[in-house]
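*Asks:* here is the input, now give the coordinates:
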Amino acid sequence: MAETTLVWIRRDLRMSDHAALDAAVARGGPVIPVFLRDDTVDDLGVAPKWRLGLGLEHYAKALEDKGSRLILRAGDARVVIPALVEETGATAVYWQRAYDPASVARDTDVKAALKEAGVEAQSFAGHVMFEPWTVETKQGGFYKVYTPFWKSVRGNDVPEALAAPASIPAPANWPDSDSSSDWALGAAMDRGADVVRPFVQLGEVAAQARLGAFVASKVADYDTTRDLPAVDGTSCLSENLALGEISPAQCWHAGQRAMEEGKAGAETFLKELVWREFAYHLMWHTPRILDDNWREDWAAFPWNEDERKAEVKAWKQGRTGIRFVDAAMREMYVTGRMHNRGRMIVASYLCKHLMCHWKIGLKWFEDCLIDWDPASNAMGWQWSAGSGPDATPYFRVFNPVTQLDKFDKDRAYVGRWIAEGYQTPHEDALAYFEAIPRSWGMSADADYPAPIVSAEDGRARALEAYETRDF
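*Replies:* Numbers count the residues shown, from 1 in each chain. Down below sits the predicted model:
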């Protein structure tokens with residue numbers, strides 16, 4: 001008699017290249033996909049939780065097209081998963097691995113409990129290409145610098161992506177499910193949801209189309225265009241990778257094919273995929289990167305940690321008076337994403353010009369980004385602050401004014417996202433005022449502010465603080 005398998009869905013909202021789902025279907029019996037709302041979901045920031053809710057609704061419909069369903073349950077996985085096993089008579093539970101410390105601890109406990117009860121429990125790879133414990137230096141340790149990490153993995157075999165199952169065997173009787181509308185994962189987005197929604201490309205089909213368009217028409221010039229925030233020159237796949245609507249392996253093979261075809265920017269695209277891998281490698285080996293200085297000698301650095309300060313509020317609201325910073329912060333509020341060059345500039349300005357702790361920025365991004373990823377967010381912020389691995393040197397302080405001259409010469413990016421001072425503001429610049437909380441009291445008709453800290457003064461202050469530290 002065919003035996004039932006539970007597939008515990010997490011950040012893997014796709015059908016293809018889904019090793020856990022593939023193995024469950026291969027068992028031959030009924031397959032019950034289940035998503036669990038636990039603390040790792042409830043602790044998400046506003047925008048990522050909203051985007052997850054959209055992703056789950058879309059994935060549930062995709063499963064229905066395969067003759068299946070997505071069962072929603074809430075509670076502690078250590079209780080809910082064993083209870084669902086008993087309820088359905090399942091003899092196996094499969095899932096794809098997570099690597100953050102909270103998920104690792106949870107999954108370890110669940111696997112142990114299932115095995116003790118005689119239930120098969122297997123975890124599978126898929127959210128990264130190179131399992132963090134499999135990549136080692138010649139001395140047997142983990143990598144702390146990106147370039148040697150890249151050289152170590154660039155020639156490694158990445159298995160070809162698995163095909164999506166033609167159908168998913170259903171049980172005779174489905175277990176009860178919570179309602180996604182009752183969960184209301186997007187409630188806190190308020191009026192911002194209507195503003196951000198047009199910028200979302202939802203689900204596996206859209207992700208694959210995004211990858212195809214990038215490889216066909218953008219990757220050749222990626223070396224140059226990826227630094228120009230006004231140009232549509234990047235893959236924009238971070239949104240889909242964050243929720244596993246596409247796998248990194250699928251992106252990798254597309255990039256490799258483009259490189260074999262002689263498309264100049266393809267190797268740089270592969271390096272960016274490996275930068276994401278490096279973030280997961282570090283999160284696995286040094287989980288303190290998520291909430292503490294990776295370089296422990298930075299513990300005593302005199303950053304401001306008071307989020308109530310006026311300059312922090314101005315930074316969050318895109319009202320610093322520094323156009324590159326403000327444009328990028330407003331782009332994030334309207335689209336849920338931010339161009340990578342903008343991310344470097346706003347992070348450098350907060351941590352160096354304003355001398356504020358990187359944790360303030362990390363938390364704000366965690367609240368505002370639909371492509372939020374725990375490993376990439378933490379590594380990016382610590383890289384910019386100087387406290388992280390492979391970090392930008394403490395003495396390198398990005399000048400947001402000269403950076404604008406270099407990467408947005410005609411001010412197309414600034415003009416798209418800043419409304420104040422323009423006779424006919426761009427519709428996206430005006431959309432910002434429709435998305436923000438009314439309590440901010442901001443208007444497109446207001447005067448654009450003077451810099452709260454100039455590029456020159458901020459750099460001088462940062463260097464003075466750094467040079468008095470014994471690094």
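*Asks:* check what pLDDT the nearest residue to Gly415 once chain neighbours are set aside gets.
*Replies:* Leaving aside its chain neighbours, Gly415 sits nearest to His426 (6.1 Å; criterion: C-beta to C-beta, 6 or more residues apart in numbering). (Each C-beta comes from the backbone N, C-alpha and C, glycine too.) For His426, the model assigns a pLDDT of 98.
*Asks:* now do His426 against Ala230, distance only.
*Replies:* Relative to Ala230, His426 is positioned 11 Å away (criterion: C-beta to C-beta, to the nearest Å).
*Asks:* got any ranges where this structure has weak pLDDT?
*Replies:* Low-confidence segments of the chain (pLDDT under 70): 1, 391-394, 469-471.
*Asks:* list of residues touching the longest strand anywhere in it?
*Replies:* Longest strand in the chain, counting residues (DSSP state E): strand 31-37. Contact with strand 31-37 is made by 4-10, 21, 24-25, 56, 63, 68-75, 77, 80-81, 84, 88, 90, 168-171, 174-175, 178, 183, as judged by C-beta atoms under 8 Å, 6 or more residues apart in numbering.
*Asks:* and if you look at stretch 225-240?
*Replies:* By C-beta under 8 Å, 6+ apart, the residues outside stretch 225-240 that reach it are 51, 200-201, 204, 206-207, 210-211, 214, 218-219, 221-222, 224, 246, 251, 265, 268-269, 272, 327-328, 331, 336-337, 339-342, 370-371, 373, 376, 407-408, 410, 412-413, 416.
*Asks:* is it possible to mark the buried ones in these?
*Replies:* Restricting these to buried positions leaves 51, 200, 204, 206-207, 210-211, 214, 218-219, 222, 246, 251, 265, 269, 272, 327-328, 331, 336-337, 339-342, 370-371, 373, 376, 407-408, 413, 416, with burial counted as 16 or more other C-beta atoms under 10 Å.
*Asks:* hang on, the earlier thing: neighbour count: His426 and Ala230, which is higher?
*Replies:* Shown here are His426 and Ala230; by other C-beta atoms under 10 Å, Ala230 has more neighbours (19 against 16).
*Asks:* for the more buried one, give me phi and psi.
*Replies:* The phi/psi pair for Ala230 (degrees, to the nearest 10) reads phi -90, psi -10.
*Asks:* distance check, it against Met329.
*Replies:* On the measure of C-beta to C-beta, Ala230 and Met329 end up 16 Å apart.
*Asks:* repeat for Pro101
*Replies:* Separation of Pro101 from Met329 (C-beta to C-beta): 29 Å.
*Asks:* more neighbours: which of these two?
*Replies:* Neighbours per residue, other C-beta under 10 Å: of Pro101 and Met329, the larger number sits with Met329, 27 against 15.
*Asks:* in this structure that one contacts Lys313, no?
*Replies:* No. Judged on C-beta atoms under 8 Å, Met329 makes no contact with Lys313 at a distance of 11.6 Å.
*Asks:* can you pull out the helices in the stretch 101-250 of the chain?
*Replies:* Per DSSP state H, counting those that start in this stretch, the stretch 101-250 of the chain carries helices over the ranges 101-116, 146-153, 180-183, 192-196, 203-217, 222-225, 238-242, 248-260.
*Asks:* show me what the first one is packed up against.
*Replies:* Going back to what we said before, that points to helix 101-116. Helix 101-116 makes packing contacts with helix 39-42, helix 77-88, strand 92-96, strand 120-124 when contacts are defined by 3 or more C-beta pairs under 8 Å, 6 or more residues apart in numbering; DSSP states H and E.
*Asks:* and if we set it to 7 Å?
*Replies:* Using 3 or more C-beta pairs under 7 Å, 6 or more residues apart in numbering; DSSP states H and E, the elements in contact with helix 101-116 are helix 77-88, strand 120-124.
*Asks:* go on, the third one?
*Replies:* The elements that helix 180-183 packs onto, with contact taken as 3+ C-beta pairs under 7 Å, 6+ apart, are helix 46-65.
*Asks:* and the helix it packs on, what's buried?
*Replies:* 46-60, 62-63.
*Asks:* out of the helices and strands packed on helix 101-116, which gets nearest to Trp364?
*Replies:* Closest of the helices and strands packed on helix 101-116 to Trp364 is helix 77-88, at 28.6 Å (criterion: C-beta to C-beta).
*Asks:* show me what the closest one is packed against.
*Replies:* On a contact count with 3+ C-beta pairs under 7 Å, 6+ apart, helix 77-88 meets strand 5-9, strand 31-37, helix 101-116.
*Asks:* out of these, which comes closest to Gly126?
*Replies:* Among the helices and strands packed on helix 77-88, the nearest to Gly126 by C-beta to C-beta is strand 5-9 (11.6 Å).
*Asks:* partner strands of that closest one, with direction?
*Replies:* If you go by DSSP bridges, strand 5-9 pairs up with strand 31-37 (parallel), strand 92-96 (parallel).
*Asks:* also compute the angle for it relative to strand 120-124, please.
*Replies:* 40 degrees (axes from the mean of the first three to the mean of the last three C-alpha atoms, to 10 degrees).
*Asks:* buried deepest among the helices and strands packed on helix 77-88, which one?
*Replies:* strand 5-9 (a mean of 26; mean count of other C-beta atoms under 10 Å).
*Asks:* ok, and what's touching the helix or strand just after that strand?
*Replies:* Sequence order places helix 19-26 as the next helix or strand after strand 5-9, per DSSP states H and E. The contact list for helix 19-26 (C-beta atoms under 7 Å, 6 or more residues apart in numbering) reads 5, 7, 15, 31, 94-96, 124-126, 162, 165, 168-169.
*Asks:* could you flag which of these are buried?
*Replies:* Neighbour-count burial (16+ other C-beta under 10 Å) is assigned, among the contacts of helix 19-26, to 5, 7, 15, 31, 94-96, 124-126, 162, 165, 168-169.
*Asks:* quick one: which two of these are the most distant?
*Replies:* Ala125 and Pro169 (23.5 Å).
*Asks:* picking that back up, relative to Met259, which of the strands paired with strand 5-9 is closest?
*Replies:* Short answer: strand 92-96, nearest of these by C-beta to C-beta, at 27.1 Å.
*Asks:* any idea of the angle the closest one forms with helix 101-116?
*Replies:* Computed by the same axes, to 10 degrees, the angle separating strand 92-96 from helix 101-116 equals 160 degrees.
*Asks:* check contacts around Ile452.
*Replies:* For Ile452, the contacting residues are Glu311, Ala314, Thr320, Gly321, by C-beta under 7 Å, 6+ apart.
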